[in-house]
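Enquirer: Below are the sequence and a predicted model; questions follow.
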Amino acid sequence: MGVGSGEAMLGFSDYQHLFIGQEATDLDRHHAILMNIDFHAGRPWPLDIALWDLAGKTQGEAVWKMLGGKAPRLRAYQSSGVHRSSDDMVGVARRCLAAGIPALKVRFGRSDFTDDIAVLQAIREAVGDQLDLMVDCNQGWRMPWDTASSWDLEHALQVAKALEKLDVFWMEEPLHRGDYEGMRALRNKAGIRIAGAELTREPYEWRELLERDCLDVFQPDAVLTGGISGLAPFARQVAQKGRLFSSHTWGNGLGVMANLQLIAGTSGDTYVEWPLDAPEWTPERRDYLLKSPLELDGQGWFTMPDTPGLGIELNEEVLEQTLSKTATFH
Ligand SMILES: [Mg+2]
């Protein structure tokens, strides 16, 4: 059996007959059909992840090795998500450093961006150059209830200049996902890496972003967009052009692992997202559905497992207790 994770695959039941009775390991055929379903219904990518898990188990090989086996270990950055005071964020940064994790991502979005900058400045003053710092501006897409507009180029540039002074490693989603010209202009004018495309849905959109030199770091998430089948060739193109590929992984441990398999198989040349922001986001909460939580060593490295497939084992007991027929992405 193969397992996957991601969104609730809304509308998929109308199309499941397209898979029943088919050869499970015909990944290209299934991916082509999933692309069509993705156009007509909810994001169906958990099935692609499950099919890769199954293909790996059938062949007796880890998915990252099937994809090319580029990086036997990956170095994590701690991805935080909660807006805390400067003092509390300094505490997060100090714990990150003490755990040996070399980089920390800070979420912006306080009511005034100068408050965000003040928090970042406090962290930089506390840890010096011992941590690489990323910033997530979250302007690429909106939650269903959010009516606020994304930043414009002028504001994004103003923020970028402040981040440049604090030696930020990358600025994530500074503009709307479709603002190609804005991203390219920002990338040209700001002395800082620009990251994005975490939920960008269509392969032609990823290609536009790459060909138009909009981004330094590409972040499509395999469980939410394109699956491993769609993203593996793209991640190789990104690497070929000398850009970085580092999927969004914010979600549960199965989704984290699916993306680590993708990255380790195709590139693995920069930090990978490690969702961790205690007390709200703990390894126990992130990995509740796994028999054992994913672990980093004392320097922030994750060693890729050689176990066939995705290399995870589900905690069936917990899954049974938490079964929901109504859960959606929110
Ligand atoms: Mg993000």
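Expert: Cool, the structure landed.

Enquirer: Tell me the residues of the stretch 151-300 of the chain that contact the ion?
Expert: Along the stretch 151-300 of the chain, the residues adjacent to the ion under the rule Cβ under 5 Å from the ion are residue 198. For every residue, glycine as well, the C-beta is placed using N, CA and C.

Enquirer: what's in contact with stretch 302-321?
Expert: Under the criterion Cβ atoms under 8 Å, 6 or more residues apart in numbering, residues 2-3, 49, 52-57, 59-65, 71-76, 253-254, 257-258, 260-261, 264, 272, 274, 288-292, 294-297 lie in contact with stretch 302-321.

Enquirer: Let's see it as PDB, backbone CA atoms only.
Expert: Once non-C-alpha atoms are left out, stretch 302-321 reads as follows in PDB (Å, rounded to 0.1, in the frame of the first residue of the first chain):
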ATOM      1  CA  PHE A 302      18.300  15.200   8.200                       C
ATOM      2  CA  THR A 303      19.700  11.900   6.900                       C
ATOM      3  CA  MET A 304      17.600  10.400   4.100                       C
ATOM      4  CA  PRO A 305      16.300   6.900   4.900                       C
ATOM      5  CA  ASP A 306      17.100   4.000   2.600                       C
ATOM      6  CA  THR A 307      13.700   2.400   3.400                       C
ATOM      7  CA  PRO A 308      11.700   1.600   0.200                       C
ATOM      8  CA  GLY A 309       9.100   4.200  -0.800                       C
ATOM      9  CA  LEU A 310       8.700   7.400   1.300                       C
ATOM     10  CA  GLY A 311      10.300   5.800   4.300                       C
ATOM     11  CA  ILE A 312       7.600   6.500   6.800                       C
ATOM     12  CA  GLU A 313       5.300   4.300   8.800                       C
ATOM     13  CA  LEU A 314       1.800   5.500   9.700                       C
ATOM     14  CA  ASN A 315       0.400   5.400  13.300                       C
ATOM     15  CA  GLU A 316      -2.800   3.700  12.300                       C
ATOM     16  CA  GLU A 317      -4.200   3.800  15.800                       C
ATOM     17  CA  VAL A 318      -3.900   7.600  16.000                       C
ATOM     18  CA  LEU A 319      -5.300   8.000  12.500                       C
ATOM     19  CA  GLU A 320      -8.400   5.900  13.400                       C
ATOM     20  CA  GLN A 321      -9.000   8.100  16.500                       C
END
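
Enquirer: What's the local residue count around the residue of the stretch 1-150 of the chain found nearest the ion?
Expert: Residue of the stretch 1-150 of the chain nearest the ion, by Cβ to the ion: residue 136 (4.4 Å). Neighbours of residue 136 under the rule other Cβ atoms under 10 Å: 25.

Enquirer: Any idea what the spatially closest residue to it that is not a sequence neighbour is bridged to?
Expert: Once flanking residues are discounted, residue 136 sits nearest to residue 172: 4.3 Å by Cβ to Cβ, 6 or more residues apart in numbering. Beta-bridge pairing of residue 172 under DSSP bridges involves residue 136, residue 195.

Enquirer: ok, residue 172 - contacts?
Expert: By Cβ under 8 Å, 6+ apart, residue 172 lies in contact with 105, 134, 135, 136, 137, 138, 195, 196, 198, 217, 219.

Enquirer: and the gap between it and residue 76?
Expert: Here residue 172 is placed at a distance of 16 Å from residue 76 (Cβ to Cβ, to the nearest Å).

Enquirer: same deal with residue 53?
Expert: 22 Å.

Enquirer: likewise residue 243?
Expert: Residue 243 is 20 Å from residue 76, by Cβ to Cβ.

Enquirer: Which of the two has more residues huddled nearby?
Expert: Taking other Cβ under 10 Å, residue 243 and residue 76 do not tie; residue 76 has more neighbours (27 against 20).

Enquirer: Could I get the full set of strands for the stretch 101-250 of the chain?
Expert: 103-107, 132-136, 170-172, 193-196, 217-218, 244-245 (DSSP state E, counting those that start in this stretch).

Enquirer: most tightly surrounded among those?
Expert: strand 170-172 (a mean of 26; mean count of other Cβ atoms under 10 Å).

Enquirer: so how far is that one from its chain's centroid?
Expert: From the chain centre to the centre of strand 170-172 is a distance of 13 Å (Cα atoms, centre = their mean, to the nearest Å).

Enquirer: Report the mean per-residue pLDDT for it.
Expert: What strand 170-172 shows for mean pLDDT is 98.
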